[in-house]
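Visitor: Give me coordinates for this.
(2 chains)
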There are 2 protein chains.
Amino acid sequence: METKDTTFQGRIGVIGAGALGCFYGARLARAGCDVHFLMRRDYGVVKEKGLKIVSFEGDFEIRPPVFPSAEAMGRCDLLIVGLKTTDNDALRELLAPTAGPETLVLTMQNGLGNEETIAAALEANGQPGMANAAERILGAPAFLCSHRGEPGVAHHTDHGWIQLAEHRGGATDRTRGIAALFTAAAIRCEVLDSLVEARWRKLVWNVPFNGLGVAAGHADTDSVLGDATLEATARGLMEETIAAARADGVTIEKAYVGRMMEHTSTMGAYKSSMQIDYENGRPLEVEPILGEPVRRAKAAGIAVPRMEMLYGIVRRADRLNRG
Amino acid sequence: METKDTTFQGRIGVIGAGALGCFYGARLARAGCDVHFLMRRDYGVVKEKGLKIVSFEGDFEIRPPVFPSAEAMGRCDLLIVGLKTTDNDALRELLAPTAGPETLVLTMQNGLGNEETIAAALEANGQPGMANAAERILGAPAFLCSHRGEPGVAHHTDHGWIQLAEHRGGATDRTRGIAALFTAAAIRCEVLDSLVEARWRKLVWNVPFNGLGVAAGHADTDSVLGDATLEATARGLMEETIAAARADGVTIEKAYVGRMMEHTSTMGAYKSSMQIDYENGRPLEVEPILGEPVRRAKAAGIAVPRMEMLYGIVRRADRLNRG
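Guide: Here you go, the predicted structure:
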């Protein structure tokens, strides 16, 4: 039996080239993909000296095409969105010159609602043929530990595997064709039939540990697990997330809570991305991780008392933190 | 018809002479009661210069008997406990020399569980006749705005009325006899038949606004009411408090939530005592205001998800705040 090679071919653009965008984009480029980077802070350095990835899997450098504006980068066949969700307001402006009627958009952002925001941004751009944008969006929840270093350097400190799914419908040859890119770049890529299920499963962990990491006074995972009241609250938040997921059409087995808590206990004193952002005075990804889940639950008439309270506390903490 | 005068007569001792203890003790002394003060920080100043109350109802000074230790103060007929609940560990030592088998103890402290702590402290003192201490305890939830000033000065900035009830059983001549003292001191005193009901009703406000005042980033009442998510959380906390009260034998009508929220909206940007303590780095009264209500709810099998989460967050905030 012969297998048809459906590996994606075309011009790839990375929008939102923080540590995550730089890491995955650079790995794809190193594997031979035609990857273009849109950069602001690091544009000059990368143009002159290239992009360096300092990784526990091996350091490497690339000299990619880099652009200071979406207009300069121009139309791509596949856009990888690594933008922090707190900058989603910029999507419309960033996608207008880079996305055409055939462009696929793969968001590697966190939480719920980003696909819908991207679809709306694409459809608002006014070009012919941009309707049904939701059909051309994919999502890739990423399990990556990374952070930016000096300009032109991104650090990859742990993990790195991704999940990949269509925003609408199950996996197709197109999905597998994009997965093949990542696999060729030595990124473990799990192709799934339901993006929204993957999003909700990730939220089962992210809601309690990102939220309490901020709300409970900079509480890392050990601080939550080591306090019986906070530990019970974390479990309760997981159960509420599963109930909200069910109302959103996603069934997650109850035993997932126990498995996630067990897994968390092996992580050491782990700080969530939201906690790290908070400690560094950066904007928090409150809406996709807490706000949108609460809104979906409430729209479905599901009580999520802890999650709503956490959302209120973290949203206020975020505002005060940006002061 | 002749009314028997049951006004309490005897030696009164104030234990825990913070702003609250100083204010009520001084008002009783001014009205002619035989009030003795146990003081630490202010002992020397008050002994030499007296105690000054700076009050919106009129400043005044008294020169009361003051003692640097419970042993020096000795046995009293009525002890008024104004001790901050975070110092309840000292009760046993403070009550041993000051309370005998006939001594009444009136606690003006906040929240749930102080009467039980006092009863245990009395019964632990080992003197003959100290059993059934619970029968000699009264409670007086106080609605007072006050704070300490320089040594020897307490400030009374608003309100001041109290409720008064027996810890065990309904109001008796004894209760009314103590109420008469406060009335004579121009303190409005409402005699009630259920102390635990008064405690729970006060908690309906204290749980959300003391708790969120700390947990939601120094949120005063206007900050809570002005944020739809936090406002919904405050209402939910009130409903949980009412459900917990019911399990503890106290019926509070559902409409109480609306009345409390309405009342709160007239308070301006009010900071709860717990928020003020937090801002000043002082220990928080976490256990009587959050911990004991959560424990009673859980013991009765009542779900209080928001209250439990608030307890976990505030308890941790308190520990970190004390550094």
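
Visitor: what about residue A:313, neighbour count?
Guide: 28 (other C-beta atoms under 10 Å in any protein chain shown). Where C-beta positions appear, they are placed from N, C-alpha and C, glycine not excepted.

Visitor: correct me, but it touches residue B:218?
Guide: No - the criterion here is C-beta atoms under 8 Å, and residue A:313 misses it with residue B:218 at 11.6 Å.

Visitor: Roughly how far does residue A:261 sit from residue A:161?
Guide: Here residue A:261 is placed at a distance of 21 Å from residue A:161 (C-beta to C-beta, to the nearest Å).

Visitor: What of residue A:241?
Guide: Using C-beta to C-beta, one gets 22 Å for the distance from residue A:241 to residue A:161.

Visitor: for residue A:123, same thing?
Guide: In terms of C-beta to C-beta, residue A:123 sits 32 Å off from residue A:161.

Visitor: Same check on residue A:167?
Guide: Residue A:167 is 20 Å from residue A:161, by C-beta to C-beta.

Visitor: Among these two, which residue is more densely surrounded?
Guide: Remark: of residue A:167 and residue A:161, residue A:167 carries more neighbours, 21 against 13, as counted by other C-beta under 10 Å.

Visitor: what sits against the more buried one?
Guide: A:115, A:119, A:134, A:135, A:137, A:138, A:139, A:195 (C-beta atoms under 8 Å, 6 or more residues apart in numbering or on different chains).

Visitor: could you redo the last one with a cut-off of 6 Å?
Guide: Going by C-beta atoms under 6 Å, 6 or more residues apart in numbering or on different chains, residue A:167 touches A:115, A:134, A:137, A:139, A:195.

Visitor: Give the buried subset of the residues you listed as a PyMOL selection command.
Guide: A single PyMOL command selects the buried members of those (16 or more other C-beta atoms under 10 Å in any protein chain shown):
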select buried, chain A and resi 115+134+137+139+195
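
Visitor: nearest to residue B:267, of the contacts of residue A:167?
Guide: Taking C-beta to C-beta as the measure, residue B:267 sits nearest to residue A:115 out of those, at 43.6 Å.

Visitor: elements contacting the helix or strand containing the closest one?
Guide: Taking DSSP states H and E as the criterion, residue A:115 maps to helix A:114-123. Judged by 3 or more C-beta pairs under 6 Å, 6 or more residues apart in numbering or on different chains; DSSP states H and E, helix A:114-123 is in contact with helix A:91-95, strand A:104-107, strand A:137-139.

Visitor: okay, these in JSON lines with distance to residue A:300 next?
Guide: Supplementary listing: the helices and strands packed on helix A:114-123 in JSON lines, determined by distance: least, C-beta to C-beta, whole Å:
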{"stretch": "helix A:91-95", "distance to residue A:300": "26"}
{"stretch": "strand A:104-107", "distance to residue A:300": "24"}
{"stretch": "strand A:137-139", "distance to residue A:300": "21"}
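
Visitor: Ok, which of the ones you listed comes nearest chain B?
Guide: Chain B lies closest to helix A:91-95 among the helices and strands packed on helix A:114-123, at 24.9 Å (C-beta to the nearest C-beta).

Visitor: So which bits of the closest one are buried?
Guide: Taking 16+ other C-beta under 10 Å as the criterion, helix A:91-95 shows A:91, A:92, A:94, A:95 as buried.

Visitor: List the contacts of that helix.
Guide: A:15, A:70, A:121, A:122, A:124.

Visitor: All set now, cheers.
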